[in-house]
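Novice: Okay, sequence plus prediction incoming.
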Amino acid sequence: MDIKSIVSYRLPDYEGKRLKDPHVVIVGAGASIAACNKDKNGRAVPLLKNIHEVLGLTDELKKYNFSEEQMADFEKLFSDIYEKKQYKALQKKLEYKICEYFGKLVIPDEPTLYDYLILSLTEKDAIISFNWDPFLMQAYRRNMNVGNLPELIFPHGNSGVGICNKCRVKGYANCICPHCYGDLEQMPLLYPIGKKDYSGISVIKNEWERAKFVLSKAAGITVYGYGAPVTDIEAVELMKTANNISQMKDIAPFTIINLAENEKEQREKWLDFYDVRMMMYCNSFEETILWRNPRVSLETLFDAILQQQPRSEEKSFKKFSSLGELQEFTKTITEFDMCI
């Protein structure tokens, strides 16, 4: 009898010893703070709750009589002023300042957790980022020589991404289109409003379609520093629908990387996404299977669970002093290691 007719969940899809289903990592502002809370030039990486302070917008908001309490909840504040005539100038200024500030951020020269994250995955995997900062794109670009890197998806737009609407190409900000050689336009940012239009902008719609697709195939999900704020209710619902399609909730590992004090709230917030037996809560990236078994994270887990043949962790990441050392180590994780 075929085991697929007995169990209620979908089994992982393999080709030989190599898993075909993706490991999907969802990252939020907490991941960028953990990766580099200050950029190469000492600029702070803002959270939405302190973005008005970091970007020097406090005095501007006070002109409109917003209280300290209102400014501390920037998501709600922006949602409240969005497309209201009396706040048109303010909205335009906030959007300009946000885009300008994030566009100037530069990833530090030394290895960051984003470098480790990108190099812990392969081209079948995906990172869905809800962040505006360009660090993930910059980390991807400088690690391209390693090869076999994951797909990057930005459902809220990103300051590090350039697009050519004519050729329907997504690339690096401030570069040219490889097809028509025109300048790539800045990818639009989706701001924190209560009801976002995920289909109104074609490039954003495409990012959401990609996010839903990879989640519908996911054999494992890691949520890194993403708090799923109240202005992202629709986003969570879209992800939940896609995750349910994968039919692997019962056996797919679900990892949350967040602060210890947020554990209870985070477990409850993501409860619909995981089976309690397959859930792991970590306070740092170094505690995850992506760090312990880079590039073969899910293969390692499913070999242990389904085959009773746990793999060695002798090629776990360690702290490297230079990006070159990290890249050379990653290159030693060969196809042989991936397929044993």
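Specialist: Thanks, I have the structure now.
Novice: gap between His179 and Tyr140?
Specialist: According to CB to CB, to the nearest Å, His179 stands 20 Å off from Tyr140. (Each C-beta comes from the backbone N, C-alpha and C, glycine too.)
Novice: ok, the two, which is more surrounded?
Specialist: With neighbours defined as other CB atoms under 10 Å, His179 and Tyr140 compare such that Tyr140 has more, 20 against 11.
Novice: Can I take it that the more buried one is in a strand?
Specialist: No - read with DSSP: H, G, I helix; E, B strand; the rest coil, Tyr140 is helix and lies in no strand.
Novice: Who are the contact partners of it?
Specialist: Counting by CB atoms under 8 Å, 6 or more residues apart in numbering, Tyr140 touches Ile118, Leu149, Leu152.
Novice: the strands in the stretch 151-300 of the chain, which residues?
Specialist: Taking DSSP state E, counting those that start in this stretch as the test, the strands found in the stretch 151-300 of the chain are 151-153, 161-164, 169-172, 185-186, 220-224, 254-257, 279-282.
Novice: So Asn148 is in contact with Ser120, correct?
Specialist: No - at 11.5 Å, Asn148 and Ser120 do not qualify as touching, with contact defined as CB atoms under 8 Å.
Novice: Find residues that contact each of these two.
Specialist: The contact lists of Asn148 and Ser120 share Arg295, where a contact means CB under 8 Å, 6+ apart.
Novice: mind checking pLDDT for the closest residue to Asp125 other than its chain neighbours?
Specialist: Leaving aside its sequence neighbours, Asp125 sits nearest to Pro150 (CB to CB, 6 or more residues apart in numbering; 4.1 Å). The per-residue pLDDT reported for Pro150 equals 97.
Novice: Pairing partners for the residue nearest to Cys177 when sequence neighbours are not counted in the sheet, please.
Specialist: The spatial neighbour of Cys177 that comes closest, neighbours along the chain excluded (CB to CB, 6+ apart), is Cys164 at 3.9 Å. Beta-bridge partners recorded for Cys164 (DSSP bridges): Val169.
Novice: Against Leu184, how distant is Cys164?
Specialist: Noted for Cys164: a distance of 6 Å to Leu184, by CB to CB.
Novice: what sits in contact with each of those two?
Specialist: Each of Gly171, Cys177 lies in contact with both Cys164 and Leu184 under the rule CB under 8 Å, 6+ apart.
Novice: Correct me if wrong: Ser216 contacts Lys240.
Specialist: No - contact criterion CB under 8 Å: Ser216 and Lys240 do not qualify, at 11.3 Å.
Novice: out of those two, which sits in the more crowded spot?
Specialist: Legend: neighbour count by other CB under 10 Å for Ser216 and Lys240, higher for Ser216 (16 against 13).
Novice: now the helices: where do they sit in the stretch 1-150 of the chain?
Specialist: Taking DSSP state H, counting those that start in this stretch as the test, the helices found in the stretch 1-150 of the chain are 29-35, 51-54, 58-62, 68-72, 74-81, 88-103, 113-119, 135-142.
Novice: tell me the most buried of those helices?
Specialist: Highest mean neighbour count among those (mean count of other CB atoms under 10 Å): helix 113-119, with a mean of 25.
Novice: where does the protein dip in pLDDT?
Specialist: Within the chain, the segments meeting pLDDT under 70 span 1-14, 16-17, 193-197, 199-200, 229-231, 247, 303-313, 335-340.
Novice: the domain parsing of it - what is it?
Specialist: 3-40+109-339, 51-103 (automatic domain parsing).
Novice: So which of these is the most surrounded?
Specialist: domain 3-40+109-339 (a mean of 18).
Novice: pull the CA atoms of stretch 270-290 into PDB?
Specialist: Output of stretch 270-290 as PDB, limited to C-alpha atoms (Å, rounded to 0.1, in the frame of the first residue of the first chain):
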ATOM      1  CA  TRP A 270       1.800  32.100  14.100                       C
ATOM      2  CA  LEU A 271      -0.300  29.200  15.600                       C
ATOM      3  CA  ASP A 272      -2.200  28.600  12.400                       C
ATOM      4  CA  PHE A 273       1.100  28.000  10.500                       C
ATOM      5  CA  TYR A 274       2.500  25.000  12.400                       C
ATOM      6  CA  ASP A 275       2.000  21.800  14.300                       C
ATOM      7  CA  VAL A 276       3.200  22.200  17.900                       C
ATOM      8  CA  ARG A 277       5.400  19.100  17.500                       C
ATOM      9  CA  MET A 278       7.300  20.700  14.600                       C
ATOM     10  CA  MET A 279       7.700  24.200  16.100                       C
ATOM     11  CA  MET A 280      11.000  25.600  17.400                       C
ATOM     12  CA  TYR A 281      11.500  29.000  19.000                       C
ATOM     13  CA  CYS A 282      15.000  30.500  18.800                       C
ATOM     14  CA  ASN A 283      16.400  33.700  20.100                       C
ATOM     15  CA  SER A 284      19.200  33.900  17.500                       C
ATOM     16  CA  PHE A 285      20.000  32.700  14.000                       C
ATOM     17  CA  GLU A 286      22.900  30.600  15.400                       C
ATOM     18  CA  GLU A 287      20.400  28.300  17.200                       C
ATOM     19  CA  THR A 288      18.600  27.300  13.900                       C
ATOM     20  CA  ILE A 289      19.100  24.300  11.600                       C
ATOM     21  CA  LEU A 290      20.100  26.800   8.900                       C
END
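Novice: what sits up against stretch 108-117?
Specialist: With contact meaning CB under 8 Å, 6+ apart, stretch 108-117 is reached by 25, 27, 31-32, 34-36, 38-40, 107, 127, 135-136, 139, 142-143, 224, 285, 290-291, 294, 317, 320-323, 325-326.
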